[in-house]
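Chemist: When you get a sec, could you give me coordinates for this:
(one chain, ligands or ions: 1)
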Amino acid sequence: MSDAQPSQVQAAAAEESRVSDEELTTLLEQIPDWNIRVRNGVKQLEKVYGFKDFKQALNFVNAVGGMAEKANHHPALLLEWGQVTVTWWSHEIKGLHPRDFQLASRTDELSK
Ligand SMILES: C[C@H](O)[C@H](O)[C@H]1CNC2=NC(N)=NC(=O)C2=N1
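Modeler: Numbering: from 1, shown residues only. Reported below is the predicted structural model:
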């Protein structure tokens, strides 16, 4: 019978769910212009999109928000005049999961 504490089990499960460094390199090659940021030890995917004005940027934010709601997976969105910064990561595992890369790719589709 394992005497591991729940938090240890959860931490092990989270570690198991996060993409490996090798996977990360491969996945990153498939989504151009996305960068890895590390905040509080948490790896995140980030990309800055440019738009002609605030209204266009807001429309994009609304589209990404709708996609996130449908996926029940949500990015951080920084909305500025003519620019949106999108950051994806998986809060529950404190890092990057393959679905973060999938949604980053879908975010690119919405920006076109
Ligand atoms: C309860 C709800 O399903 C969870 O909190 C979802 C919501 N959206 C989420 N979004 C992200 N980026 N990471 C999560 O772990 C996450 N969890």
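
Chemist: what pLDDT does G95 get?
Modeler: On pLDDT, G95 comes in at 97.

Chemist: where's it relative to the ligand, distance?
Modeler: 10 Å (Cβ to the nearest ligand atom, to the nearest Å). Where C-beta positions appear, they are placed from N, C-alpha and C, glycine not excepted.

Chemist: Can you pull the phi/psi pair for the closest residue to that residue other than its chain neighbours?
Modeler: Excluding the flanking residues, the one nearest G95 by Cβ to Cβ, 6 or more residues apart in numbering is R18, at 3.9 Å. For R18, the backbone dihedrals (degrees, to the nearest 10) come out as phi -70, psi 150.

Chemist: was I right about R18 contacting E92?
Modeler: No - using Cβ atoms under 8 Å, R18 makes no contact with E92, being 10.6 Å away.

Chemist: returning to what we had before: give me the number of residues near the residue nearest to G95?
Modeler: By other Cβ atoms under 10 Å, 20 other residues sit near R18.

Chemist: OK, contacts around it?
Modeler: K43, S90, I93, K94, G95, L96, H97 (Cβ atoms under 8 Å, 6 or more residues apart in numbering).

Chemist: likewise E69?
Modeler: Taking Cβ under 8 Å, 6+ apart as the definition, E69 has no contacts.

Chemist: is it true that it lies in a helix?
Modeler: Yes - under DSSP: H, G, I helix; E, B strand; the rest coil, E69 sits within a helix.

Chemist: and it, what pLDDT?
Modeler: Reading off the model, E69 has pLDDT 98.

Chemist: Tell me the spacing between R39 and L110.
Modeler: 24 Å (Cβ to Cβ, to the nearest Å).

Chemist: Compare those two and say which one has the larger neighbour count.
Modeler: For R39 versus L110, neighbours defined as other Cβ under 10 Å are more numerous around L110 (16 against 11).

Chemist: State whether the more buried one is indeed within a helix.
Modeler: Yes - counting by three-state DSSP, one finds L110 located in a helix.
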